[in-house]
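In: coordinates only, no sequence provided:
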C-alpha cells in the first residue's frame, strides 16, 4: 500500500492530481484491435495510422486499359517479380491525366492474385497524399508480415514549402534498417519530378547556389527505379477505348452513332483519355437503360 504524504500541502493536492489522471485516461484514444490482413486484399492507411480493409476495390479490368501497352507490360513484369520474392523497383507512373495510371496499379494487383498458385495474395494499401508523413509508420507496420505489399499513393506531388517529401525519402531509402523486403512503393503523379515547374524555377532564382537549392527535392524522383510515362492518346486510341468498353459491357448501340457521339463528347470536354471514354460509356449506358457490370 502506498503511504499517504504527511505534508498537508501535498495531501491537499492529491484529489487534484487524481482528477487530472482520470481526465487524461478518458482523453486517451482506445487501443485499436489488430487488423486481420487475411480478410481483404486491399486496405487504406487511415488518419489514425491503422489499416482499414477495403472489401470492394473500384478497379478496371486490365484488358480494358488500352493505349498504354508498354507501361502495362513493364509494371506487370515488375510486380510479378516482386510477388515471387525477386528483386523489383519502386515505380513512379507520371503523365497525362485520365490515362489509367492508378487504374493500372489496381488492375495489375488483381491480375496477379487471379493467377493460379499457392502463393499468398499480393496486398495493396493506399496512403493519401496528405498522410504521406505517416509513411514510415506504415512501412514499420508492414515489416515482417508474411504477405508482400504494394504501398500506393495516387496523385503525389509537392508544392511551396511542403517538407513532407522528406518522409517519403526516408521511407524509400529505408534509413538504417533499409526498406522492408516485403514492401514496394508505387506512386502516380502528373509531374515527372513531383514538383511544380514554377516551384523549381523559384528555388533556382532565389537561391545562392541554384543547383543545390532544388537538388534535394528533384532527387526525390530518383528514388523510383522505374519511371513510366503516360501521354495523351490519339483519336484512334480513344475510339479503341470506347469500342472496348462497349463490347465489354454488351451495350446495344450502332457503331457509327457511338463513334460520332464519342468524338463529340471528347470535343466538348477538351480532352481524349481513358477517363473521358468511360464517362461517355456511362452516359451511353444510362440512355440505353443498361447497367454496367
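Out: Cool, the structure landed. Since the structure is predicted, the reported quantities are computational estimates derived from the model, not experimental observations.
In: hey, let's count contacts and neighbours off CA atoms from now on
Out: Noted.
In: could you list the low-pLDDT ranges of the stretch 1-150 of the chain?
Out: Along the stretch 1-150 of the chain, the parts satisfying pLDDT under 70 run over 1-12, 16-17, 21, 23-34.
In: which stretches in it count as strands?
Out: Assigned by DSSP state E, counting those that start in this stretch, the strands in the stretch 1-150 of the chain fall at 42-45, 51-53, 91-95, 123-126, 149-153.
In: out of these, nearest to residue 70?
Out: strand 91-95 (12.1 Å; C-alpha to C-alpha).
In: I'd say residue 135 and residue 166 touch.
Out: No. In this structure residue 135 lies outside contact range of residue 166 using C-alpha atoms under 8 Å: 10.3 Å.
In: which of these two has more neighbours?
Out: A direct count of neighbours by other C-alpha atoms under 10 Å for residue 135 and residue 166 places residue 135 higher, at 23 against 15.
In: what's the more buried one in contact with, if anything?
Out: By C-alpha atoms under 8 Å, 6 or more residues apart in numbering, the contact set of residue 135 is 127, 167-168, 171.
In: do residue 94 as well
Out: Contacts of residue 94 (C-alpha under 8 Å, 6+ apart): 101, 188-192, 227-230.
In: beta partners of it?
Out: Residue 94 forms beta bridges with residue 189, residue 229, as assigned by DSSP bridges.
In: how close does it sit to residue 227?
Out: Shown here: residue 94 relative to residue 227, a distance of 7 Å by C-alpha to C-alpha, to the nearest Å.
In: what's the answer for residue 279, then?
Out: Going from residue 279 to residue 227 by C-alpha to C-alpha gives 28 Å.
In: pipe the strands of the stretch 1-150 of the chain into a markdown table and attach distance to residue 78 per row.
Out: Shown next, in a markdown table, are the strands of the stretch 1-150 of the chain (distance: least, C-alpha to C-alpha, whole Å):
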| stretch | distance to residue 78 |
| --- | --- |
| strand 42-45 | 19 |
| strand 51-53 | 25 |
| strand 91-95 | 9 |
| strand 123-126 | 15 |
| strand 149-153 | 12 |
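In: nearest to residue 112, out of those?
Out: Closest approach to residue 112 among the strands of the stretch 1-150 of the chain (C-alpha to C-alpha): strand 123-126, 10.4 Å.
In: partners of that closest one, with directions?
Out: Using DSSP bridges, the strands paired with strand 123-126 are strand 42-45 (parallel), strand 149-153 (parallel).
In: can you tell me which of these is most buried?
Out: Stretch with highest mean neighbour count among the strands paired with strand 123-126: strand 149-153 (a mean of 24; mean count of other C-alpha atoms under 10 Å).
In: so what touches that strand?
Out: Against strand 149-153 from outside (C-alpha under 8 Å, 6+ apart): 122-129, 142, 182-188.
In: again, only this time at 7 Å
Out: Under the contact criterion C-alpha atoms under 7 Å, 6 or more residues apart in numbering, strand 149-153 has outside partners 122-129, 182-188.
In: same check on stretch 71-90?
Out: Stretch 71-90 is contacted by residues 104, 108, 112, 122, 148, 184-186, 224-226, 228 when judged by C-alpha under 7 Å, 6+ apart.
In: same thing but 6 Å
Out: Applying C-alpha atoms under 6 Å, 6 or more residues apart in numbering, the contact partners of stretch 71-90 are 108, 184-186, 224-225, 228.
In: just the buried ones out of the residues you listed, please.
Out: Among the contacts of stretch 71-90, those scoring as buried are 108, 184-186, 224, 228 (criterion: 16 or more other C-alpha atoms under 10 Å).
In: out of those, who's nearest residue 251?
Out: Within the buried ones among the contacts of stretch 71-90, proximity to residue 251 (C-alpha to C-alpha) peaks at residue 108, which comes in at 25.7 Å.
In: ok, the closest one to residue 293 distance?
Out: Residue 108 is 20 Å from residue 293, by C-alpha to C-alpha.
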